[in-house]
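Student: Structure for the following, please:
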Amino acid sequence: MNAFPNFVDVDTGMKRYFDEILTVNPPQASEYTFTNIFIWRYLYKFKACMLKGNICIEGVDRTGPEFLMIVARDTDAYIDTIGHLSYAYAKEGRSLRLFRVEERFLEPLKRTFPSLTYDCDRDNSDYIYLSSDLIDLKGRKFDGKRNHIRRFKEKHVYEYRPITGALIDDCIRLTEVWYATKRDEGLGADVVATREALANYTALGLTGGAILIDGEVKAFSIAERLNAETAVIHIEKYDPSYEGIAQVMNQQLCANACSSYRYINREQDMGVEGLRRSKLSYNPVLILNKYKVST
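Tutor: Now for the predicted structure:
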């Protein structure tokens, strides 16, 4: 990987650098996996470089502003890297904008850089759940989810299968079905990211599962390890004509692919009202805030 300030396009060859750092300093927020950076590289125009053994990721937000994300070996390295970046950007007359800053770095940043601006980015807060809650769905708070699953099982005979190479093309076809039912051109980038995850499924070290009805994939979900205690679910796609299939897919993936983790991160709601209601309805044990930090 090139040294700062020579940012280059993200490619699969960078995975080993991310893995090396994230092994010693595991992330809490969903953005800080190589998978997330790689599959969304076209939408956010991600480029990366190394600065004193840490990774700097440059991108362009959906709304236009350029931003930076840092993958560092520890908190001190994170703070040190931002100090170097702040100096370099100031010399060029550019504003420093850090997006998706994990909450654990907030207080050290404020102590070191009190003049920076700090804003909570609620639309990109992650929803964290107990895996046992998503698997067992016990108690009155999950009555609605159990009812959806019960009605689905009354109508359909289904099979859960781990995603393998034999199912990749079927998952891609279902993604196109999902996109067609949404009738929202803004979701085109989501389709591209999903195709990238599926096309590079093995290289990215992903895990996942699919729901088949009459031998056809009608739902699938893709996850991976985020840290020792947490799995992160990156992608969920399903045919909405099957009532309850989303609830079945989530429960089956968690039970079959994520049960060894205490927590499951189901990522953010992006400020979409319906998505926020859905994520809250699963009763998160934590909403993990992230921040925008800028000069």
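Student: Which stretches in the protein count as helices?
Tutor: Using DSSP state H, the helices assigned to the chain run over residues 15-24, 34-39, 41-44, 75-91, 106-112, 131-136, 143-155, 165-182, 188-199, 245-257, 273-281.
Student: and the fourth one, average pLDDT?
Tutor: Meaning helix 75-91. Along helix 75-91, the predicted local confidence has a mean pLDDT of 96.
Student: Kindly export that helix (C-alpha atoms) in PDB.
Tutor: Included here for helix 75-91 are C-alpha records, laid out as PDB according to Å, rounded to 0.1, in the frame of the first residue of the first chain:
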ATOM      1  CA  THR A  75      -5.700   4.900  20.500                       C
ATOM      2  CA  ASP A  76      -2.400   6.700  20.700                       C
ATOM      3  CA  ALA A  77      -1.700   5.900  17.100                       C
ATOM      4  CA  TYR A  78      -5.200   7.000  16.100                       C
ATOM      5  CA  ILE A  79      -4.600  10.400  17.800                       C
ATOM      6  CA  ASP A  80      -1.100  10.700  16.400                       C
ATOM      7  CA  THR A  81      -2.400  10.000  12.900                       C
ATOM      8  CA  ILE A  82      -5.100  12.700  13.100                       C
ATOM      9  CA  GLY A  83      -2.400  15.100  14.300                       C
ATOM     10  CA  HIS A  84      -0.300  14.500  11.200                       C
ATOM     11  CA  LEU A  85      -3.400  14.700   8.900                       C
ATOM     12  CA  SER A  86      -4.600  17.900  10.500                       C
ATOM     13  CA  TYR A  87      -1.200  19.500   9.900                       C
ATOM     14  CA  ALA A  88      -1.000  18.300   6.300                       C
ATOM     15  CA  TYR A  89      -4.500  19.400   5.400                       C
ATOM     16  CA  ALA A  90      -4.000  22.900   7.100                       C
ATOM     17  CA  LYS A  91      -0.800  23.400   5.000                       C
END
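Student: ok, the nearest residue to residue 15 once chain neighbours are set aside to residue 80 distance?
Tutor: The spatially closest residue to residue 15, leaving aside those adjacent along the chain, is residue 34, at 4.7 Å (C-beta to C-beta, 6 or more residues apart in numbering). Every residue, glycine included, has its C-beta placed from N, CA and C. In this structure, residue 34 and residue 80 are 22 Å apart, going by C-beta to C-beta, to the nearest Å.
Student: neighbour count winner among those two?
Tutor: Neighbours were tallied for residue 34 and for residue 80 using other C-beta atoms under 10 Å; the higher tally belongs to residue 34 (22 against 17).
Student: That one reaches residue 14, doesn't it?
Tutor: Yes - look at residue 34 against residue 14 with C-beta atoms under 8 Å: they come within range, at 6.9 Å.
Student: ranking the helices of the chain by burial, who's on top?
Tutor: The highest mean neighbour count among those belongs to helix 34-39 (a mean of 24), with neighbours defined as mean count of other C-beta atoms under 10 Å.
Student: other SSEs contacting that helix?
Tutor: Helices and strands in packing contact with helix 34-39 are listed as helix 15-24, helix 188-199, strand 230-238; criterion 3 or more C-beta pairs under 8 Å, 6 or more residues apart in numbering; DSSP states H and E.
Student: With respect to residue 293, which of these lies nearest?
Tutor: When these are compared for distance to residue 293 using C-beta to C-beta, the nearest one is helix 15-24, at 19.9 Å.
Student: got the angle between the closest one and helix 75-91?
Tutor: Between helix 15-24 and helix 75-91, the angle formed by their directions is 130 degrees, by axes from the mean of the first three to the mean of the last three C-alpha atoms, to 10 degrees.
Student: Good, we can wrap up now.
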